[in-house]
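**Student:** Compute the structure for the input listed below.
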Amino acid sequence: MGTPISILGMATAQASADGALADEMLCPERRAPSVGAINVQSRMVTHALRQCLSNHARPGATEIGLCLGTAHGVNATVRRTLNTVRDQGFLHVPASLYATGLPNSTTGVVAGLEQLLGPNLTFLGYQSGLESLIMACRLIRWGQAASMIAGGFDTPSPDMASPDMASPAPAQTKRATLSGAGLVLLSKANGSDDGAPKIVGWASDEKPGAASESQLVDGALAHAGRDRADLIDTIALAPDAQAPDYLAATFPIQLINFIRQTQAPGLHAFTAQKAGEKAICVLVDIDEPESDTRQGLQA
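**Tutor:** Numbers count the residues shown, from 1 in each chain. Alright, predicted model coming up:
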């Protein structure tokens with residue numbers, strides 16, 4: 001059992017049905033000396049990050065890190081980089097892309113723009129938005145960062161489509177995939193944030209499909225030093241078959257929306273399972289809806 005990790009800020013961005021991201025979901029900067037040109041994906045993540053920090057005194061650059069998950073977000077960067085090399089030459093590729101490695105490019109751009117000294121990490125895969133939350137909590141507990149921004153993002157290309165996970169024949173049913181981001185500000189719990197939701201435990205299976213939902217929840221409870229009697233409910237995070245999919249941002253967005261809207265305070269287990277990928281459980285202890293901290297997370 002370790003120190004709980006408080007959720008001090010939350011932000012979501014979700015493209016409209018036609019795939020457009022409203023201007024208010026993007027940071028105003030389009031270019032910066034530290035990172036060069038800033039694409040829409042990085043502008044979306046930067047704006048969400050700033051929203052997470054908007055109600056809090058910003059930690060120093062040496063005290064905050066960035067841990068993000070993306071399923072396909074790097075594809076656009078790869079395409080853009082290769083096209084730039086082909087059309088203009090390698091010298092025209094922004095240094096922030098190749099200096100941090102292509103899979104880390106958005107994290108690298110955002111960290112450079114916001115002057116976050118890290119640790120700054122990227123996870124890949126559909127579940128990576130939740131995986132990033134777990135890693136961020138670990139880094140805080142290990143003393144590697146005072147605070148972390150964590151969550152998922154994706155800006156899929158127009159030809160991408162996501163299989164309906166609820167369908168018995170996933171390949172035959174496709175849902176629209178849209179740009180989105182779901183981020184949280186995490187910090188080690190202390191006496192000044194008693195009303196904040198807190199991540200108290202987590203678990204994941206070592207091999208995809210190796211653990212049932214019940215086993216995942218039991219593992220997370222054991223990690224938190226809690227038992228079944230403490231648990232209010234278990235929420236299976238899964239994309240709505242009738243709703244758009246935000247890929248790696250989907251589960252963080254659902255987690256954030258539940259915290260904002262729930263009227264049931266107490267310990268909740270959130271599970272995410274997708275065929276072929278690691279299954280994850282995160283335990284969140286949520287305070288009364290009327291608490292000052294909960295009220296501050298509603299926007």
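**Student:** For N83, the count of nearby residues, please.
**Tutor:** 11 (other Cβ atoms under 10 Å). All C-beta atoms are positioned from the backbone trio N, CA, C, and that covers glycine.
**Student:** State whether it is indeed within a strand.
**Tutor:** No - under the criterion used here (DSSP: H, G, I helix; E, B strand; the rest coil), N83 is helix, not part of a strand.
**Student:** where's it relative to C52, distance?
**Tutor:** 32 Å (Cβ to Cβ, to the nearest Å).
**Student:** My understanding was that L26 contacts V40; is that so?
**Tutor:** Yes - with contact defined as Cβ atoms under 8 Å, L26 and V40 form a contacting pair (6.6 Å).
**Student:** More neighbours: these two, which one.
**Tutor:** Using other Cβ under 10 Å as the criterion, L26 and V40 rank with L26 on top: 20 against 14.
**Student:** Need the nearest residue in space to the more buried one, chain neighbours excluded.
**Tutor:** R43 (4.1 Å; Cβ to Cβ, 6 or more residues apart in numbering).
**Student:** Next, the contact list for that neighbour, please.
**Tutor:** The neighbourhood of R43, defined by Cβ atoms under 8 Å, 6 or more residues apart in numbering, consists of 26-27, 29-30.
**Student:** and if you look at V217?
**Tutor:** Contacts of V217 by Cβ under 8 Å, 6+ apart are 203, 231, 234, 269, 271, 281.
**Student:** Provide the secondary structure category for it.
**Tutor:** helix.
**Student:** tell me, how many neighbours does Q261 end up with?
**Tutor:** 9.
**Student:** again, but for A37
**Tutor:** With other Cβ under 10 Å as criterion, A37 counts 15.
**Student:** That one touches E29, doesn't it?
**Tutor:** No - with contacts defined as Cβ under 8 Å, A37 does not count as touching E29, sitting 10.0 Å away.
**Student:** Let me see the ranges of the helices in the stretch 101-250 of the chain.
**Tutor:** 105-114, 128-141, 213-224, 250-261 (DSSP state H, counting those that start in this stretch).
**Student:** Now do stretch 285-298, average pLDDT.
**Tutor:** The average of the pLDDT scores along stretch 285-298 is 66.
**Student:** If you could redo that for stretch 65-82, that was the one I meant.
**Tutor:** 72.
**Student:** Just say helix, strand or coil for the residue nearest to L26.
**Tutor:** Going by three-state DSSP: R43 is helix.
**Student:** residue contacts, I7?
**Tutor:** I7 touches 184-186, 196-199, 259, 284, 297, counting by Cβ under 8 Å, 6+ apart.
**Student:** which of these lies closest to G143?
**Tutor:** L186 (13.9 Å; Cβ to Cβ).
**Student:** From A22, how far off is that closest one?
**Tutor:** L186 is 26 Å from A22, by Cβ to Cβ.
**Student:** more crowded one of these two?
**Tutor:** The neighbour count for L186 versus A22, taken as other Cβ under 10 Å, is higher for L186 (29 against 10).
**Student:** show me the contacts for that one.
**Tutor:** 5-8, 133, 136-137, 140, 147-150, 199.
**Student:** Before I go, just wanted to say thanks for your time.
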